[in-house]
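Novice: Sequence first, then the predicted structure:
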Amino acid sequence: VQLVQSGGDLVQPGDSLRLSCAASGFTLGLYTIAWFRQAPGKEREGVLCSTSSDESSYYVASVKGRFTISRDNAKNTVYLHMNNLKPEDTAVYFCAVLVFGECTRVAFQYDYWGQGTQVTVSL
C-alpha cells in the first residue's frame with residue numbers, strides 16, 4: 001500500500017495549483033480521503049476531506065471556495081485543486097486515507113499517508 005504525491009511548487013499569490021496523490025495496492029475510490037497541511041512551526045492540520053460517496057468536509061474556513069477534492073478512479077488518484085492561493089497557504093501538504101469511517105480532522109485516525117509535497121506561495 002503506497003500513496004505517492006506530486007505537484008507541489010513555488011507559486012505567486014492568486015495562482016492555482018493541483019496536487020496529486022496516486023495510490024497503489026488498494027482502490028482509492030472505496031475510502032475516505034483527506035488533505036492535511038503543516039506549516040513551519042505549526043501542527044499538522046486537516047484542510048478538507050472527501051468520503052467515498054463524495055461528501056466533502058472543510059476544516060479550514062479560509063480554503064472554502066478556493067480548494068476542492070476530486071478523484072479519478074480510473075487512475076486511482078485523488079487531486080487537491082487549489083485556486084487563488086495565498087501566502088498563508090504555504091505548507092507541506094499531505095494526502096491521507098482512512099480505511100474505516102467518515103471524515104475526521106484528527107490526523108492519527110488516518111491509516112495511510114503520502115510523503116508530503118511543498119507548496120510555497122510568495123511573490
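Specialist: On my side now, so go ahead.
Novice: residues in contact with stretch 25-36?
Specialist: Here stretch 25-36 makes contact (CB atoms under 8 Å, 6 or more residues apart in numbering) with 1-2, 19, 21, 44-52, 67, 69, 71, 73, 76-78, 80, 93-99, 101-105, 107, 110. The way it works is simple: take the backbone N, C-alpha and C, and place the C-beta from them, glycine included.
Novice: Next, count neighbours for the closest residue to P87 other than its chain neighbours.
Specialist: Residue nearest to P87 in three dimensions, not counting chain neighbours: V121, with 5.0 Å by CB to CB, 6 or more residues apart in numbering. If you count neighbours by other CB atoms under 10 Å, V121 ends up with 20.
Novice: ok now do V121, which residues does it touch?
Specialist: V11, Q12, P13, D15, L85, K86, P87, E88, D89, T90.
Novice: Could you rerun that using 6 Å?
Specialist: By CB atoms under 6 Å, 6 or more residues apart in numbering, the contact set of V121 is V11, P13, L85, P87, D89, T90.
Novice: Drop anything exposed from these.
Specialist: V11, L85, D89, T90 (16 or more other CB atoms under 10 Å).
Novice: list the buried ones in stretch 32-42?
Specialist: T32, I33, A34, W35, F36, R37.
Novice: Now do the first one, the pLDDT please.
Specialist: In other words, T32. pLDDT, T32: 96.
Novice: How about it: what's its closest non-neighbour residue?
Specialist: Excluding its sequence neighbours, the residue lying closest to T32 (CB to CB, 6+ apart) is L98, at 4.1 Å.
Novice: The last one too?
Specialist: Take R37 and drop its neighbours on the chain: the residue closest to it by CB to CB, 6+ apart is A91, 3.8 Å away.
Novice: Since that was my last question, I'll sign off now.
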